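Q: Using only what follows, build the 3D model:
(2 chains)
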Amino acid sequence: MSLWDTFKIAVRALLKNKMRAALTVLGVVIGIAAVTTMVSIGQSASAMVQGQFQALGTNVIVVIPGSQRRGGVRQATVPTLTADDSQAITEDCRAVLASSPIVGTAGQVIFGNSNWSPREMQGVGAEYLTVRNWDIEAGGFFSEVDISANAKVCVIGHTLVIKLFQTANPIDQILRIKNIPFRVIGVMAKKGANMVGDDQDDIILMPHTTVRKRLQGSSFGEVNAIMVSAVSPDQMPTATTQIEQLLFERHGIPPGSQPDFRVQNTTEIADTLGVITGTLTLMLSAIAGISLLVGGVGIMNIMLVSVTERTKEIGIRMAIGARGKDIMRQFLVESIVLSCIGGFIGVVLGISASVGVTLLINSVSSGTDWPIIISLPAAGVAMGFAAAVGIFFGYYPARRASQLDPIDALRYE
Amino acid sequence: MALIELRDVRRVYDLGEVEVHALRTVTLDIQRGEYVALIGPSGSGKSTLMNTLGCLDRPSHGSYRLDGDEIVTMSRDQRAKIRNKQLGFVFQNFNLLNRTSAIENVELPLLYSTGISSRERRMRAKEMLTKVGLGDRLYHHSSQLSGGQQQRVAIARALVNYPAILMADEPTGNLDSKTSREVIALFQELNQERQITVILVTHDPAVAKNARRMIVLRDGSVAVDTSDFQLAMEEMNRETELGDDEEIASQVVTQATAEIQPAAVPNPPGNEA
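A: Have a look, this model is predicted:
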């Protein structure tokens, strides 16, 4: 009997009892829907994380001061990273495109009657924009001259324009920070929120020398971090090695002992986050997979019941010439058809649910914009799983059916 | 060479402590074109013999040659093929698939044969149903047909693959006398006009009368094999002279055999025997 005939017989048999068929597939539907939803949301999360890191600049390396231990003794007063280190990095490391020292600070910015505490208030170097891959929208950035002169200039992000200036043109206006007047010389392009929801445009940048000397009143040259960008993403390992070697030398650290700095690159962070989201997705999918397993057991149960109820019918078919394998094929196909229908409905439901959840997240948590991903390969894999469940859990009942003795089966009431 | 050749066929059911001899020894020939009735009291082995002839059951001993081929050594699949192509079986309770139309029921054996297109299946099924007088009820479901009509669908199904032998186990058992007569007339026509060999099991003398040869079974072996209706009836009604113990034992055996078949072997899944 051809496969098409088997298929027709199977479908006809299932249609004779639609309610039972529907209840049987319910388990598989829920299982597949759950797995599909988890995978979809997981993929959205991953894509979003990757997207954010693209925006940040994937070839950014951050050098931060680490704990200083020399000879097992903590040296708290030894200066660690300095602005000169940053200068040396730009000059000596060939895989490095640009480098900027970062000095962090905080406080209120006052303009006329308005005041605002920006989320980020930083002293940076002239190459900062290059490092951050960030454009200026209006005016300009400060130069090496400004930095050597400890100039009282600043560049603000979009949010500050809205908070302090509303519609007025901020360029050449004077802001007061800790009672020191700063002239606005530029406005940064809009960047939006980052992946954790922080507003990246809530920022004010000043020359690092100015921040240290005038705002912090410090005469030391140390900085909180150095941000470096590599020539290209694949040059990052080389750049990292070059920076490390340079700093080892400059700080006089014998090779092999603990460095007093740490080099992190955003790709590593992105990868780590990618691994985390990937692992989470896998875990959630595995849990969802359990419900798929239960669905499969449901199919097996119903098929066993179906075989018992149709014992007489099987006997009749055998009496007219159906071989064991004809019967087995019929019941196996029935089981696969059931699970594939369940898989299809499950995939549709799963995609709808993940789209719904993504829209919900985007609307509830302002600023986040998770991408909606409908992955056709994932749907294909889900259908494959459904078919596999049908084959695996349908095998035993089908086999039992095929091994019935026709005479006994015919007499079964 | 006869169409059917049975040589010392025995069927024993081994139930652990008890052995039930459903067929003790049966040796007979059936020629092409014969019309045979198997009769006997219940427990005589006629159903077992029928199942054996119909290749549904395998003898424990002996030889069964069907058109020259030895059935006893055949595999399950080979016997299924014989049942499909060379035999047509009609049952007492019709055994049609429920919730299925008449034409689909009749098509069923063709589905399990190879090399017949779906269009040809439809055609043949229609032809057969028309021949048994149900041409206007092709798409009726079994629940919409009377007993006699259902049996005729079963007969059409049995014939759809043009088998050489038509076997019927109490075909009129569930029918009223008028319908029984119609069904028997149909068998008569099939045997005489189309040379189909007909083997019936019955305990209705009126049905047995139509056959040209009567084989009376008693206690698992052939008691009388004749074309003389009177002789056969005498044997049927004869009381055997058994001692009290043997009488009781024989009743127990009869009872046991009758009870084995329905509840017996662990095969039907979920069956609590």
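
Q: What residues does the residue positioned nearest the centre of chain A make contact with?
A: What sits nearest the mean C-alpha location of chain A, by CA atoms, centre = their mean, is A:S46, with 2.5 Å. The neighbours of A:S46, taking CB atoms under 8 Å, 6 or more residues apart in numbering or on different chains as the test, are A:G274, A:T277, A:G278, A:T281. In short, each C-beta sits where N, CA and C put it, glycine included.

Q: Pick the one among those residues closest to chain B.
A: Nearest to chain B, judged by CB to the nearest CB, of the contacts of A:S46 is A:T281 at 40.5 Å.

Q: burial of the closest one, as a residue count?
A: Around A:T281 there are 19 other residues, counting by other CB atoms under 10 Å in any protein chain shown.

Q: Repeat that for A:I174.
A: Neighbour count for A:I174, taken as other CB under 10 Å: 13.

Q: repeat for B:H203
A: A count of nearby residues for B:H203, using other CB under 10 Å, gives 17.

Q: same question, A:I156
A: Counted with other CB under 10 Å, A:I156 comes out at 32.

Q: before we move on, the earlier item: pretty sure the residue nearest to the centre of chain A sits in a strand.
A: No. Looking at A:S46 with DSSP: H, G, I helix; E, B strand; the rest coil, it is helix, so not inside a strand.

Q: residues touching A:S363, list them.
A: Counting by CB under 8 Å, 6+ apart, A:S363 has no contacts.

Q: For it, what are phi and psi?
A: phi -80, psi -30 (degrees, to the nearest 10).

Q: separation between it and chain B?
A: 50 Å (CB to the nearest CB, to the nearest Å).

Q: before we move on, what about A:V28?
A: Applying CB to the nearest CB, the value for A:V28 to chain B is 22 Å.

Q: nearest residue to that residue other than its sequence neighbours?
A: A:G342 (3.1 Å; CB to CB, 6 or more residues apart in numbering or on different chains).

Q: for B:S101, same thing?
A: Nearest to B:S101 is B:Y139, by CB to CB, 6+ apart, at 4.7 Å.

Q: so is that neighbour in a helix, a strand, or just coil?
A: Secondary structure of B:Y139, per three-state DSSP, is coil.

Q: What confidence value was assigned to it?
A: Here, the pLDDT recorded for B:Y139 equals 92.

Q: Count the residues that sit near it.
A: If you count neighbours by other CB under 10 Å, B:Y139 ends up with 10.

Q: Quick check: phi and psi at the residue of chain A found nearest chain B.
A: Using CB to the nearest CB, the single residue of chain A nearest to chain B is A:G321, 2.4 Å away. Per-residue torsions, A:G321: phi 120, psi 10 (degrees, to the nearest 10).

Q: Wait, it touches B:A80, no?
A: Yes. The pair A:G321 / B:A80 is scored as a contact, 5.2 Å apart, by CB atoms under 8 Å.

Q: Could you tell me which residues touch both of these two?
A: Jointly contacting A:G321 and B:A80 under the rule CB under 8 Å, 6+ apart are B:Y112.

Q: mind listing what B:A258 touches?
A: Neighbouring residues of B:A258 by CB under 8 Å, 6+ apart: B:S42, B:G43.

Q: Show the contacting residues for B:T202.
A: B:A37, B:L38, B:I39, B:E170, B:P171, B:T172, B:G173, B:A208.

Q: Excluding chain neighbours, what is closest to the fourth one?
A: Leaving aside its chain neighbours, B:E170 sits nearest to B:Q92 (3.9 Å; criterion: CB to CB, 6+ apart).

Q: One more: the last one?
A: Setting aside the residues directly before and after it, B:A208 is nearest to B:A37 in space (CB to CB, 6+ apart), at 4.3 Å.

Q: Then the fifth one?
A: Counting by CB to CB, 6+ apart, B:V90 is the residue found nearest to B:P171 once chain neighbours are left out, at 5.0 Å.

Q: So what does that neighbour have for phi and psi?
A: Dihedral angles (degrees, to the nearest 10) for B:V90: phi -120, psi 130.

Q: Would you mind naming the residues that bridge with it?
A: Applying DSSP bridges to B:V90 gives these bridge partners: B:A168.
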